[in-house]
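Student: sequence and predicted structure are below.
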2 protein chains.
Amino acid sequence: MVILDPESNIPLYMQLRTQIIESIVRGNLSKGDTLPSVRGLAGDLGINMHTVNKSYHELEAKGIIEIVPKKGAVIIADTEKGPSKKQREDITEELRPAVAEALVHGMKEEDLHQLISEIILIVKEV
Amino acid sequence: MVILDPESNIPLYMQLRTQIIESIVRGNLSKGDTLPSVRGLAGDLGINMHTVNKSYHELEAKGIIEIVPKKGAVIIADTEKGPSKKQREDITEELRPAVAEALVHGMKEEDLHQLISEIILIVKEV
DNA sequence: CGATTGTTATAGTAAATATAGAACAGGTCT
DNA sequence: AGACCTGTTCTATATTTACTATAACAATCG
């Protein structure tokens, strides 16, 4: 279930790719599953085909799905294997500004570990 | 020391505000210190005054500095006190997409804690 | 065959990003 | 007092990004 907020300052294609990632984490989508067609999903969400296409290509760049021309987008992310070196570096750069912001407000290492644990529960919707 | 990359896909004002935050975390800038004037820093960095101004206002919105009209921008972030509720929520939303990405690639809670610890060392430039 | 697939191309609008220059009023400093 | 610097505000413009809208193509699938 994907819900987009057109009023958000976060671009639609980012909202979509994040929600697809979280769906995989929760197990609503699994390795080997095929994502809806770009046209179909765009229609359901009331957005343009190209916006969905952009999300899919970002997911492909992150190594989460594989897009097979004329066929579909298949989930290849292995939620058991662990990230590649590049994937780990990308995640590091994504986390860095927020970690710095946490530190500047006085959060300690243990506080951040606690916050990460909370976020994991939120993403998994436990 | 601030270094901006005009070729980066990260906007200049974001690069600047992140680097100022990290400077505070490292102790290069401390509570009570005054940031350079928007004109002065813009000149040093070879960018426009309004771009620096935007960074400063984002830092003010995050509660890291206080801008006193006609005087200057003073650092008010307390690196000992701990974040306010809103600040903690903002940090949570900033971390969430990257945490989801880590999970989808199979990182476990302990792996993320380890990564966060590494990032803390990077930010502090130990 | 007919429908659907991802891809590509073109086009347009709107917003975000960045620059530029000018002017204002309130501080600072000599 | 006068000169200077401060952040603020305004207008203006160029570029890039985000999003939508159509259309067409070739390949897959039932």
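Tutor: Perfect, I can see it now.
Student: name the element the residue nearest to A:Ile3 when sequence neighbours are not counted belongs to?
Tutor: Excluding the flanking residues, the one nearest A:Ile3 by Cβ to Cβ, 6 or more residues apart in numbering or on different chains is A:Gln19, at 7.6 Å. Heads up, the C-betas are built off the backbone N, CA and C, glycines and all. Assigned by DSSP states H and E, A:Gln19 belongs to helix A:12-26.
Student: about what we covered before: do I have it right that the residue nearest to A:Ile3 meets A:Val2?
Tutor: Yes. Look at A:Gln19 against A:Val2 with Cβ atoms under 8 Å: they come within range, at 5.0 Å.
Student: per the record, what domains does chain A have?
Tutor: Domain ranges of chain A: A:12-75, A:85-123, per automatic domain parsing.
Student: looking at these, spot the one closest to DNA strand C.
Tutor: Smallest distance to DNA strand C across the domains of chain A (Cβ to the nearest atom of the strand): 3.0 Å, for domain A:12-75.
Student: so is that closest one next to DNA strand C?
Tutor: Yes. Domain A:12-75 comes into contact with DNA strand C (Cβ under 7 Å from any atom of the strand), by way of A:35, A:37-40, A:49-50, A:53, A:56-57, A:67-73.
Student: for that domain, what is the average pLDDT?
Tutor: Across domain A:12-75, the average pLDDT comes to 96.
Student: next, the distance between the ends of that domain.
Tutor: Domain A:12-75 has an end-to-end distance of 21 Å (Cα to Cα, to the nearest Å).
Student: A:Thr18: neighbour count?
Tutor: The tally of other residues near A:Thr18 (other Cβ atoms under 10 Å in any protein chain shown) stands at 20.
Student: that one and B:Glu93 touch, don't they?
Tutor: No. In this structure, A:Thr18 is not within contact of B:Glu93 by Cβ under 8 Å, at 10.8 Å.
Student: skipping its backbone neighbours, what lies nearest A:Arg96 in space?
Tutor: Nearest to A:Arg96 is B:Ile119, by Cβ to Cβ, 6+ apart, at 5.6 Å.
Student: need the next SSE after the longest helix along chain A, C-terminal direction.
Tutor: Using DSSP state H, we find that the single longest helix of chain A is helix A:85-104. The element immediately downstream of helix A:85-104 (helix or strand, assigned by DSSP H and E) is helix A:109-123.
Student: just the angle between that next one and helix A:12-26, please?
Tutor: Put simply, helix A:109-123 runs at 90 degrees to helix A:12-26, going by axes from the mean of the first three to the mean of the last three Cα atoms, to 10 degrees.
Student: share the number of residues neighbouring the nearest residue to A:Val99 once chain neighbours are set aside, please.
Tutor: If the residues on either side of it in the chain are set aside, A:Val99 comes closest to B:Ile119, at 4.8 Å by Cβ to Cβ, 6+ apart. Using other Cβ under 10 Å, B:Ile119 has 20 other residues around it.
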